[in-house]
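Participant: Model the structure of this input:
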Amino acid sequence: MYSRISNTLMFIGLLINQHKVSGNLNRVIGGYDAPSEFGRFHASLQNLSGQHVCGSAVVTKSHVVTVAHCVAGTEPQYVKIVVGTNDLDNGGLQYDAEVLNIHQQYNSSTRINDIAIIKISGYFDLQHITIIEMGYNELLEGDPVIITGFGAQEPNGESSRQMYAINLPVFSQETCRFAMRYSKEVVDSMFCTFTQIGQGTCHGDSGGPIIKDNKLVGLVSWGIPCAVGFPDVHTRISHFTEWIKEEVIKDFI
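Facilitator: Model (predicted):
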């Protein structure tokens, strides 16, 4: 197993060196224009100036889930939710955040329990917006997932106004732990994706939904930006479905 990990990390290292020579970043990096239907459940979290900050996913008629680090330290009145479009300059419906519910055991340093629920004022217009079902099954290495986001194309770049998507496989949990050991610990409530340099997430993709078989299985959480040859690490939704349901129910009582 150590030999397998070493070979994989050698491959990652070669990709990093290749990137230093070429200096190129493709495009969610290395992806494609997201289909319009993805905009029905992928919501953009924005500041009061209308700038995209993070992604999120619609999970009830009045809630989205995102990662905790996107909303920690802010107040609901400074967060706007735009959903119903894959082009932020064309269409979409805007909602006000009413409650920011950050996981009680979220750790900002380790990104453990990096998840939060936002309750909006009122209800989503379900003629234009879709509630995505949460996935309960555990992901396996090699499972295909789709990541969507409005993230930047390069480190410290501006977020995109157009949503992008990318198809990636779930990466080996053990190899990911080893690869990211000098950054943060990859725990069981996280999973990773990786293929090659030039394919992955960037600034502004955090909180964006990761889907498999039309179900929400993850949220973009952390990594070494942007698609430079290291795995991306995500919040594993199956570990938080019960917490989400319990917290959401409280809002309807």
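Participant: ok, Thr175 to Glu247 distance?
Facilitator: Thr175 is 33 Å from Glu247, where distance means CB to CB, to the nearest Å. Heads up, the C-betas are built off the backbone N, CA and C, glycines and all.
Participant: quick one: which of these two has more around it?
Facilitator: Thr175 (22 against 19; other CB atoms under 10 Å).
Participant: Please identify which helix or strand holds that one.
Facilitator: Assigned by DSSP states H and E, Thr175 falls within helix 173-179.
Participant: Run the chain-centre distance for that helix.
Facilitator: 19 Å (CA atoms, centre = their mean, to the nearest Å).
Participant: can you check stretch 174-189 too?
Facilitator: Using CA atoms, centre = their mean, the offset of stretch 174-189 from its chain centre is 17 Å.
Participant: Mind listing what's buried along it?
Facilitator: Thr175, Cys176, Arg177, Phe178, Ala179, Met180, Lys184, Val186, Ser189 (16 or more other CB atoms under 10 Å).
Participant: before we move on, what about stretch 122-132?
Facilitator: In stretch 122-132, counting by 16+ other CB under 10 Å, buried: Phe124, Ile129, Thr130, Ile131, Ile132.
Participant: List the contacts of it.
Facilitator: 37, 40-41, 57-62, 83-84, 93, 95, 209, 211, 214-216 (CB atoms under 8 Å, 6 or more residues apart in numbering).
Participant: Please repeat the previous calculation with a cut-off of 7 Å.
Facilitator: 40-41, 57-62, 83-84, 93, 95, 209, 216 (CB atoms under 7 Å, 6 or more residues apart in numbering).
Participant: can you give me the helices for the stretch 1-150 of the chain?
Facilitator: 2-22 (DSSP state H, counting those that start in this stretch).
Participant: which stretches of it aren't confidently modelled?
Facilitator: Low-confidence segments of the stretch 1-150 of the chain (pLDDT under 70): 1-27.
Participant: residue ranges of the strands in it, please?
Facilitator: In the stretch 1-150 of the chain, the strands defined using DSSP state E, counting those that start in this stretch lie at 32-33, 42-46, 52-60, 63-66, 80-83, 93-102, 116-120, 133-134, 144-149.
Participant: Same list (those) but as JSON lines, adding mean neighbour count and distance to Thr195.
Facilitator: Converted to JSON lines, these look like this (neighbours: other CB atoms under 10 Å; distance: least, CB to CB, whole Å):
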{"stretch": "strand 32-33", "mean neighbour count": "12", "distance to Thr195": "14"}
{"stretch": "strand 42-46", "mean neighbour count": "27", "distance to Thr195": "21"}
{"stretch": "strand 52-60", "mean neighbour count": "24", "distance to Thr195": "20"}
{"stretch": "strand 63-66", "mean neighbour count": "27", "distance to Thr195": "25"}
{"stretch": "strand 80-83", "mean neighbour count": "22", "distance to Thr195": "29"}
{"stretch": "strand 93-102", "mean neighbour count": "17", "distance to Thr195": "31"}
{"stretch": "strand 116-120", "mean neighbour count": "24", "distance to Thr195": "28"}
{"stretch": "strand 133-134", "mean neighbour count": "15", "distance to Thr195": "25"}
{"stretch": "strand 144-149", "mean neighbour count": "23", "distance to Thr195": "11"}
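Participant: quick one, which of those strands is nearest to Asp205?
Facilitator: Asp205 lies closest to strand 144-149 among the strands of the stretch 1-150 of the chain, at 3.5 Å (CB to CB).
Participant: send the alpha carbons of that closest one over as PDB?
Facilitator: Extracted in PDB, the C-alpha atoms of strand 144-149 (Å, rounded to 0.1, in the frame of the first residue of the first chain):
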ATOM      1  CA  PRO A 144     -18.100   9.500 -10.600                       C
ATOM      2  CA  VAL A 145     -19.400  12.800  -9.300                       C
ATOM      3  CA  ILE A 146     -20.100  16.200 -10.800                       C
ATOM      4  CA  ILE A 147     -18.900  19.400  -9.100                       C
ATOM      5  CA  THR A 148     -20.500  22.800 -10.000                       C
ATOM      6  CA  GLY A 149     -19.300  26.300  -9.200                       C
END
